[in-house]
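# Build the 3D model from these lines:
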Amino acid sequence: MRSSTLFVILFLITLVGGLIAFTPLSFVLRQSGMAERGLGWQQARGSIWHGQVTGLSWRGTPVGAINLDSDLLRMLGGGPSHHVSWVGQQGQGQADIKASRDSVLADHVNLNLPLTDEWNVDPMISQLGGSIRLSDGQVRLAGERCESAAGTVTSDVVRLAAAGFGRDWPIVSGPLGCLNGQLEADLSGKAADGTVLHMMFSQSAGLRVTVAEADDEVKANLAFAGFRDENGTLIYERPLKPEGSRP
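As a prediction, this is how the structure comes out:
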């Protein structure tokens, strides 16, 4: 799995949470067929009302643990009734899940994914201590296909990088969405010095950063950091994947 950042975690929170909605916690994972598709786990404890799955992995990539708590009143009212929280080496997150036979809705999704060595990013990026955050997200899946998505994605990576060469750049932000059945996030910002910043996180392509309207000092620093110059626009691309993931 080559492009993972927030997408594999978001997918797992949504899909696993939806599967759990119909049968006892320890039973659903054995009967769901998810093991054949790449989901692994060490232990499932408790019930659909209060339970935990530990030692999760997705196609060879360690993911962490998911906790589940359910609300009967919200279930009877038709709202998202299963609260799922996740914590792992790649970050942490939570969401409210509503499932039907045809689709799964994850609402109030909040994720924090530090861009560390766990994501196989360049050492220069992992040393910055930056992260990707999703706030108040919503994702609807039909099978494994993204039907709709919303929420605000932010990242402080370019801001932290610019501070290293004395520039004050903003945190970039943008919406979460679906394109051709896959999740993507399109972030942008403009610095006070006129530099135009753009970051694209794509489920299929990984990370793409472009910096335009930059002066010569910025271009020199970004070239040292691995950006390439295309007609004056600095571009950085990298497929992101958690350490240990299979191609």
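
# what about the helices in the protein?
For the chain, the helices defined by DSSP state H occupy 5-20, 25-31, 34-37, 72-76, 123-126, 157-163, 216-224.

# Pull out the buried positions in stretch 108-125.
Within stretch 108-125, the residues that count as buried by 16 or more other Cβ atoms under 10 Å are 109, 111, 113, 114, 115, 116, 118, 119, 120, 121, 125. From N, CA and C alone the C-beta is placed, and that goes for glycine too.

# Quick check: the third one touching residue 132?
I take that to be residue 113. Yes - applying Cβ atoms under 8 Å, one finds residue 113 in contact with residue 132, separated by 4.6 Å.

# ok so, going back, which of the buried residues of stretch 108-125 has the weakest pLDDT?
Lowest pLDDT among the buried residues of stretch 108-125: residue 120, with 66.

# ok now stretch 122-129, how far from the chain's centre?
Counting by Cα atoms, centre = their mean, to the nearest Å, stretch 122-129 is centred 18 Å from the centre of its parent chain.

# Ends of that stretch, what's the gap?
End-to-end distance of stretch 122-129 (Cα to Cα, to the nearest Å): 12 Å.

# repeat for stretch 87-107
For stretch 87-107, the first-to-last residue distance is 18 Å (Cα to Cα).

# where's that stretch relative to the chain centroid, distance-wise?
Centroid separation between stretch 87-107 and its chain, computed with Cα atoms, centre = their mean, is 11 Å.

# any idea of the mean pLDDT for that stretch?
86.

# got it, and stretch 193-202?
Averaging pLDDT along stretch 193-202 gives 93.

# next one: stretch 131-150
The model assigns stretch 131-150 a mean pLDDT of 92.

# in that stretch, what's buried?
For stretch 131-150, by 16+ other Cβ under 10 Å, it's 131, 132, 133, 134, 137, 138, 139, 140, 141, 146, 149.

# Could you do stretch 206-224 as well?
Neighbour-count burial for stretch 206-224 [16+ other Cβ under 10 Å]: 206, 207, 209, 210, 211, 214, 218, 219, 221, 222.

# any residues touching it, and which ones?
Residues outside stretch 206-224 that contact it (Cβ atoms under 8 Å, 6 or more residues apart in numbering): 2-3, 5, 158, 162, 164-165, 167, 193-202, 227, 229, 232-241.

# By average pLDDT, which secondary structure element in this protein comes out worst?
Across the helices and strands of the chain, mean confidence by mean pLDDT, DSSP states H and E is lowest for helix 72-76: a mean of 55.

# List the buried residues in stretch 46-65.
48, 51, 53, 56, 57, 58, 59, 61, 62, 63, 64, 65.

# Flag whichever of those residues scores worst on pLDDT.
For the buried residues of stretch 46-65, the pLDDT minimum is residue 48, 69.

# that older thread, weakest of the helices of the chain in terms of mean pLDDT?
helix 72-76 - the lowest mean pLDDT of the helices of the chain, at a mean of 55.

# What sits closest to residue 42 if chain neighbours are left out?
Excluding its sequence neighbours, the residue lying closest to residue 42 (Cβ to Cβ, 6 or more residues apart in numbering) is residue 55, at 2.7 Å.

# Please read off the pLDDT at the one you found from the model.
For residue 55, the pLDDT comes out at 91.

# Does it touch residue 39 like I think?
No - in this structure, residue 55 is not within contact of residue 39 by Cβ under 8 Å, at 11.1 Å.
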